[in-house]
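Peer 1: This is a predicted model, with the sequence first.
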Amino acid sequence: MKKISLVLSPEQANSVEEIRQIALKKAKLTHAKVAIVKRSIDARRAPVKIKIETLVGNDLDESALISYSPSQNLVTNKEGVIIVGAGPAGLFAALRLIELGVKPIILERGKDVQARRRDLAKVNREGIVNPDSNYCFGEGGAGAYSDGKLYTRSKKRGSVRKVLEILNFHGANDNILFEAHPHIGTNNLPNIITSIREYIIEHGGEIHFNCRVEDLIISEDEILGVKTSGDEIMGNAVILATGHSARDIYELLDKRGIFIEPKSFALGVRVEHPQALIDSIQYHCPTRGPYLPAASYALVSQVNYQNITKGVFSFCMCPGGFIVPAATAPGEVVVNGMSPSRRNSKYANSGMVVAIDEEEISKQYGDSPLRYMKFQQAIEQTAFTAAGSTLAAPAQRLTDFVKHKVSSTLPDSSYKPGMVAVGMDDVLPLSITERLRHAFKYFNKKMHGYLTNEAVILGVESRTSSPVRVPRNQDNLEHVSLKRLFPAGEGAGYAGGIVSAAIDGEKCADMVVEMYCKKLEV
């Protein structure tokens, strides 16, 4: 078996048969099997090239490249572990518990992933936010309807490959196993999440929807279970995997005297360009043609403001995507981005954010562990008021923003609830807006044409990560002061994205079983 590297044109790379023939020729073979193991785009200069790594050999067994084998364990009558939240951390914690012979009991405040669609439609069309079922809450978590990017830098935390193989087993396209920046697509995620849920139930796990945790059952320094609106549920341990927007859970922890701490996050706007403009800049050609995907970008700049330097960076860039309303309560405006699998929208959008000024917030909100959360909430409420007390987003053409000018008109946008022309200085702190202005000028030097009034910024991009950390011991991942509580994923402040959250959920499941459950003998 040989490893063969290819550098192809986009047209050549679009044909599996042509890839095969070129790989065989380079390997000096006439008949053999060819498997693609990695693919990436090199757009540093024109013409754009596609880099492909292949394995070629007569004895090549493509199935042997997949190491994941689903568990056959039935855990119906086994010990139970409570998982609060059915996002990536919660679902992958449940899958791992089944592998280890322990019963997962998932409590999800929202609806199943299909039923969520009706509530998302109400948000977009009527501006009605269901606090338990929205773009952040419900089966699949915030990632289910807000993109499906699988790229992560968290490769030392656990097996990224295993997470990708599990998603592939449950229906994700094979290309996530070899793309340099894999992406599932918002349109495909619901079916994959449904498959994972069915697998958990078939193997004896439980999933309870519309089940909001309202209190914790604590005895001395141990958590024994949770109280929901209609029941008390007991378990050997609790994996807390609520996601980064579960403010009521943070408030509950604080009220019960369970140690939590503020965690800095990034704040800013979402900027939207015509996708054709981004394509022409990134691919160095008037149009990208039929063989290249919608172009993306990643930008970062260090900006000094009042003698403090902070990074301004693009976040969750969505080529060929849409901007969506991600509020989790009435009276607030939050924007996020998503892309379907084909990335065929005529718009490109990205968060553009800056780390918050922690000293400034402490002066305003004191030393409460919830102070960054309260600041985040206040910014979102300001955005709501500034846009006329609707889910319409405060917006400004990009060049107008840089010139401190309120836009007289706004371009078309993918954001369904609409936009209202507002000066972003009336919504965000100057420490954020002034750094963004400097950064946009710099980004225009990196991507000539980026700074244009064809682009529009919408506020606010505020749910970049959790504003609270639920501290845990580094060695066993258990909460620092409450035994049997295992904070997990983005909501606890230990992940950022689908894959890293999934890995963290698995790690927490491992520690729960090691410390408090009888591991299945195999």
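Peer 2: Right, received. Where do you want to start?
Peer 1: how does the chain divide into domains?
Peer 2: Structural domains annotated on the chain: 2-65, 80-261+468-516, 266-461, as defined by automatic domain parsing.
Peer 1: Need the ones you listed in CSV (columns: mean neighbour count and mean pLDDT).
Peer 2: Yep, even glycine has a C-beta here, placed from its N, CA and C like the rest. Formatted as CSV, the domains of the chain follow (neighbours: other C-beta atoms under 10 Å; pLDDT from 0 to 100):
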stretch, mean neighbour count, mean pLDDT
domain 2-65, 15, 94
domain 80-261+468-516, 21, 95
domain 266-461, 19, 96
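Peer 1: what's the closest of the ones you listed to Ser71?
Peer 2: Comparing those against Ser71 with C-beta to C-beta, the closest turns out to be domain 80-261+468-516 (4.5 Å).
Peer 1: Endpoints of that closest one, how far apart?
Peer 2: 10 Å (C-alpha to C-alpha, to the nearest Å).
Peer 1: Ok, stretch 91-107 next?
Peer 2: Counting by C-alpha to C-alpha, you get 11 Å between the two ends of stretch 91-107.
Peer 1: cool, stretch 461-469 as well?
Peer 2: One end of stretch 461-469 sits 20 Å from the other (C-alpha to C-alpha).
Peer 1: Rebuild the domains of the chain as JSON lines, extending it with distance to Asn73.
Peer 2: Shown next, in JSON lines, are those (distance: least, C-beta to C-beta, whole Å):
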{"stretch": "domain 2-65", "distance to Asn73": "22"}
{"stretch": "domain 80-261+468-516", "distance to Asn73": "5"}
{"stretch": "domain 266-461", "distance to Asn73": "32"}
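Peer 1: Which one of those domains lies nearest to Leu74?
Peer 2: Here domain 80-261+468-516 is closest among the domains of the chain (C-beta to C-beta), at 5.0 Å.
Peer 1: roughly how far apart are Tyr151 and Asn14?
Peer 2: 22 Å (C-beta to C-beta, to the nearest Å).
Peer 1: and what of Val333?
Peer 2: Using C-beta to C-beta, Val333 is found at 41 Å from Asn14.
Peer 1: the strands in the stretch 201-350 of the chain, which residues?
Peer 2: Under the criterion DSSP state E, counting those that start in this stretch, the stretch 201-350 of the chain contains strands at 206-208, 213-219, 222-228, 232-234, 238-240, 261-262, 266-274, 300-305, 308-318, 322-325, 335-338, 347-355.
Peer 1: What is the longest helix along the chain packed up against?
Peer 2: The single longest helix within the chain, with elements called by DSSP state H, is helix 498-516. Packing partners of helix 498-516 (3 or more C-beta pairs under 8 Å, 6 or more residues apart in numbering; DSSP states H and E): strand 80-84, helix 88-99, helix 160-169, strand 238-240, strand 485-487, helix 489-492.
Peer 1: can you tell me which of those comes nearest to Pro10?
Peer 2: Closest among the helices and strands packed on helix 498-516, using C-beta to C-beta: helix 160-169, at 24.0 Å.
Peer 1: Contacts for the closest one, please.
Peer 2: Applying C-beta atoms under 8 Å, 6 or more residues apart in numbering, the set of residues contacting helix 160-169 from outside is 66-68, 70, 92, 95, 150, 152, 154, 172, 174, 176-177, 182, 184, 192, 196, 498-499, 502-503, 506.
Peer 1: Likewise for stretch 197-212?
Peer 2: For stretch 197-212, the external contacting residues (C-beta under 8 Å, 6+ apart) are 70-78, 80, 86, 91, 94-95, 97-98, 103-113, 115, 132, 139, 170, 228-229, 248.
Peer 1: Mind checking which of those land in strands?
Peer 2: Residues of the contacts of stretch 197-212 located in strands (DSSP state E): 80, 103-107, 228.
Peer 1: Including distance to Thr452, could the strands of the stretch 201-350 of the chain go into TSV?
Peer 2: As requested, the strands of the stretch 201-350 of the chain are exported to TSV (distance: least, C-beta to C-beta, whole Å):
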stretch	distance to Thr452
strand 206-208	47
strand 213-219	47
strand 222-228	51
strand 232-234	54
strand 238-240	44
strand 261-262	37
strand 266-274	7
strand 300-305	18
strand 308-318	16
strand 322-325	17
strand 335-338	19
strand 347-355	12
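Peer 1: between those, which one is nearest to Glu126?
Peer 2: Distance to Glu126, taken as C-beta to C-beta, is lowest for strand 322-325 among these, at 11.1 Å.
Peer 1: ok, the residue most central in space within the chain - contacts?
Peer 2: Per C-alpha atoms, centre = their mean, the C-alpha nearest to the average position across the chain is that of Gly497, at 3.7 Å. Gly497 sits next to 143, 149-152, 490 when contact means C-beta under 8 Å, 6+ apart.
Peer 1: and if you look at Val324?
Peer 2: Shown in contact with Val324 (C-beta under 8 Å, 6+ apart): 120, 124, 135, 145-146, 335-338, 415-416.
Peer 1: ok, of those, which one's closest to Met424?
Peer 2: Using C-beta to C-beta, Val335 comes nearest to Met424 of these, at 12.3 Å.
Peer 1: mind checking the end-to-end distance for stretch 120-138?
Peer 2: 11 Å.
Peer 1: Also stretch 125-142?
Peer 2: One end of stretch 125-142 to the other measures 20 Å (C-alpha to C-alpha).
Peer 1: quick one: Ala501 and Leu91 touch, right?
Peer 2: No - using C-beta atoms under 8 Å, Ala501 makes no contact with Leu91, being 9.4 Å away.
Peer 1: ok, which stretches of the stretch 101-250 of the chain are helices?
Peer 2: Here the stretch 101-250 of the chain has its helices, by DSSP state H, counting those that start in this stretch, at 116-126, 160-169, 189-202, 247-255.
Peer 1: would you turn the ones you listed into TSV with distance to Ile217?
Peer 2: Listed next are the helices of the stretch 101-250 of the chain as TSV, based on distance: least, C-beta to C-beta, whole Å:
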stretch	distance to Ile217
helix 116-126	29
helix 160-169	32
helix 189-202	24
helix 247-255	12
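Peer 1: Looking at the ones you listed, which is nearest to Leu60?
Peer 2: Comparison of those against Leu60 by C-beta to C-beta identifies helix 160-169 as nearest, at 17.9 Å.
Peer 1: now the angle from the closest one to helix 88-99?
Peer 2: Interaxial angle, helix 160-169 versus helix 88-99 (axes from the mean of the first three to the mean of the last three C-alpha atoms, to 10 degrees): 90 degrees.
Peer 1: hang on, the earlier thing: turn the helices and strands packed on helix 498-516 into CSV, including distance to Asn188.
Peer 2: What follows is these, written out as CSV (distance: least, C-beta to C-beta, whole Å):
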stretch, distance to Asn188
strand 80-84, 24
helix 88-99, 15
helix 160-169, 10
strand 238-240, 26
strand 485-487, 30
helix 489-492, 21
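Peer 1: among the ones you listed, which is nearest Arg20?
Peer 2: Of those, nearest to Arg20 by C-beta to C-beta is helix 160-169, at 21.0 Å.
Peer 1: chain center to the closest one, what's the gap?
Peer 2: Relative to its chain's centre, helix 160-169 lies at 16 Å (C-alpha atoms, centre = their mean, to the nearest Å).
Peer 1: So for Ala46, which of the helices of the stretch 101-250 of the chain sits nearest?
Peer 2: helix 160-169 (31.5 Å).
Peer 1: I'd like to check the angle between the closest one and helix 498-516, please.
Peer 2: Counting by the same axes, to 10 degrees, helix 160-169 points 110 degrees away from the direction of helix 498-516.
Peer 1: CA atoms of stretch 473-485 as PDB?
Peer 2: Extracted C-alpha coordinates of stretch 473-485, given in PDB (Å, rounded to 0.1, in the frame of the first residue of the first chain):
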ATOM      1  CA  ASN A 473     -10.700  19.200  39.200                       C
ATOM      2  CA  GLN A 474      -8.200  18.800  36.500                       C
ATOM      3  CA  ASP A 475      -7.400  15.200  37.300                       C
ATOM      4  CA  ASN A 476     -10.900  13.700  37.500                       C
ATOM      5  CA  LEU A 477     -13.200  16.400  36.000                       C
ATOM      6  CA  GLU A 478     -15.400  16.400  39.100                       C
ATOM      7  CA  HIS A 479     -16.700  19.800  40.400                       C
ATOM      8  CA  VAL A 480     -14.200  21.300  42.800                       C
ATOM      9  CA  SER A 481     -16.600  21.300  45.800                       C
ATOM     10  CA  LEU A 482     -19.600  19.200  44.900                       C
ATOM     11  CA  LYS A 483     -19.000  15.500  44.500                       C
ATOM     12  CA  ARG A 484     -20.700  13.500  41.700                       C
ATOM     13  CA  LEU A 485     -21.200  16.700  39.600                       C
END
